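# starting from these lines, generate the structure:
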Amino acid sequence: MVASTFLNRMDDSTQQRLFAETPGSISPPEPGLYLGTSGWSYADWDGTVYPAGIPAGSRLAEYVKSYATVEIDSTFYGTPRRSTVQRWREVAPDGFLFAAKFPQEITHEKTLVSCAREAEAFVSTMSDLGDRMGPLLLQLPPSFTVEGMGVLEDFLDGLPGGARYAVEVRHRSWLGSDLAEMLRERGVALTLIDYPRMPRMEEATADFSYVRWLGNRQEFQSGHTHLKKERDDDLRWWSDLVGRFLEEGKTVFAYANNHYQNHSPSTLERFLEIRRGQA
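You can find the predicted model right below:
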């Protein structure tokens, strides 16, 4: 286990539920429920999630002792080197799954147009994760409206098979559209977000669901050391939805951002307390 104040304030039962760890492997806290954070390399977590003074390059090796999944944020800024992806795989224990964002070159700069080669290269590179590869996320920019439905369809139809894909939209024009039906036909997950500018959506369009607790980036810009905002009612709503998906036999991937409550590891801890009826 990670030696930290974050762990020290948990009792043994809580640690077992959160980590469910055995030597060389890790399991989700509930069958089918993969909880993780958006990114892992945060110096603000030293002394809470990580031992104080830990080298930045050692954070992932500590992170994977505590959680069964992570959403890689760095891939948004560019496709990583294969050697980097292979190193991630070597660090992760059996049962651990990486989710990853498509690069912004594809989603934001080319807005899914004339980028089939770049998309194929990204998927191919991430496939080096092998059985550690979770869903790949298309985070579309707020400027990508429902008028781009056909572009999105064509892009999804051209993606390599064998991977799980999720699509996130951030423009209200998608509400009430045929987006969910289109994604369902392709087995692609509609990403469900808690984001100030978008009403919540609650449809599962694949055999897995992808949830992101995003919050407002302007609200908590730095000092991600502890919770600064109480959101129990929101997390209860999400717990009910996640519980329904799990009862339906779906796998759920849910990721907390530091901007949601200022300290995403504590958001996950609080979510599990709510699911266990301890809050």
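# what about the closest residue in space to residue 116 that isn't next to it in sequence, how many residues nearby?
Excluding the flanking residues, the one nearest residue 116 by C-beta to C-beta, 6 or more residues apart in numbering is residue 158, at 5.1 Å. Any C-beta I mention is one placed from the backbone N, CA and C, and that applies to glycine too. With neighbours defined by other C-beta atoms under 10 Å, the count for residue 158 comes to 12.
# ranges for the helices of the chain?
In the chain, the segments counted as helices under DSSP state H are 5-8, 12-19, 59-63, 82-91, 104, 116-126, 149-157, 179-186, 232-247, 258-261, 264-275.
# distance to residue 138 and mean neighbour count for these - can I get that in CSV?
Converted to CSV, the helices of the chain look like this (distance: least, C-beta to C-beta, whole Å; neighbours: other C-beta atoms under 10 Å):
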stretch, distance to residue 138, mean neighbour count
helix 5-8, 32, 14
helix 12-19, 30, 15
helix 59-63, 24, 19
helix 82-91, 19, 15
helix 104, 11, 15
helix 116-126, 9, 17
helix 149-157, 8, 15
helix 179-186, 11, 16
helix 232-247, 20, 16
helix 258-261, 20, 24
helix 264-275, 21, 22
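# same list (the ones you listed) but as JSON lines, adding mean pLDDT and distance to residue 209.
Compiled in JSON lines, the helices of the chain are given as follows (pLDDT from 0 to 100; distance: least, C-beta to C-beta, whole Å):
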{"stretch": "helix 5-8", "mean pLDDT": "38", "distance to residue 209": "27"}
{"stretch": "helix 12-19", "mean pLDDT": "42", "distance to residue 209": "20"}
{"stretch": "helix 59-63", "mean pLDDT": "96", "distance to residue 209": "23"}
{"stretch": "helix 82-91", "mean pLDDT": "97", "distance to residue 209": "24"}
{"stretch": "helix 104", "mean pLDDT": "98", "distance to residue 209": "24"}
{"stretch": "helix 116-126", "mean pLDDT": "98", "distance to residue 209": "20"}
{"stretch": "helix 149-157", "mean pLDDT": "98", "distance to residue 209": "17"}
{"stretch": "helix 179-186", "mean pLDDT": "98", "distance to residue 209": "12"}
{"stretch": "helix 232-247", "mean pLDDT": "98", "distance to residue 209": "5"}
{"stretch": "helix 258-261", "mean pLDDT": "97", "distance to residue 209": "18"}
{"stretch": "helix 264-275", "mean pLDDT": "97", "distance to residue 209": "15"}
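# just give the nearest non-adjacent residue to residue 31, would you?
residue 246 (7.6 Å).
# residues touching residue 245, list them.
By C-beta atoms under 8 Å, 6 or more residues apart in numbering, the contact list for residue 245 reads 204, 209, 252.
# who wins for neighbours among the residues you listed?
residue 209 leads the contacts of residue 245 on contacts (other C-beta under 10 Å) with 27 neighbours.
# distance check, it against residue 261.
With distances taken as C-beta to C-beta, to the nearest Å, residue 209 is found 21 Å from residue 261.
# repeat that for residue 56.
Residue 56 is 24 Å from residue 261, by C-beta to C-beta.
# and residue 172, by the same measure?
Using C-beta to C-beta, residue 172 is found at 25 Å from residue 261.
# and residue 30, by the same measure?
From residue 30 to residue 261 the distance is 21 Å (C-beta to C-beta).
# residue 260: what's its closest spatial neighbour, skipping adjacent residues?
residue 215 (3.6 Å).
# what's near enough to touch that neighbour?
With C-beta under 8 Å, 6+ apart, residue 215 has these contacts: 194-196, 257, 259-261.
# among those, which one lies nearest to residue 222?
residue 259 (10.7 Å; C-beta to C-beta).
# show me what contacts the closest one?
With contact taken as C-beta under 8 Å, 6+ apart, residue 259 is in contact with 214-217, 219-220.
# by pLDDT, give me the weakest of the residues you listed.
pLDDT across these is lowest for residue 217, at 86.
# residues near that residue, how many?
Residue 217 - counted by other C-beta under 10 Å - has 12 other residues nearby.
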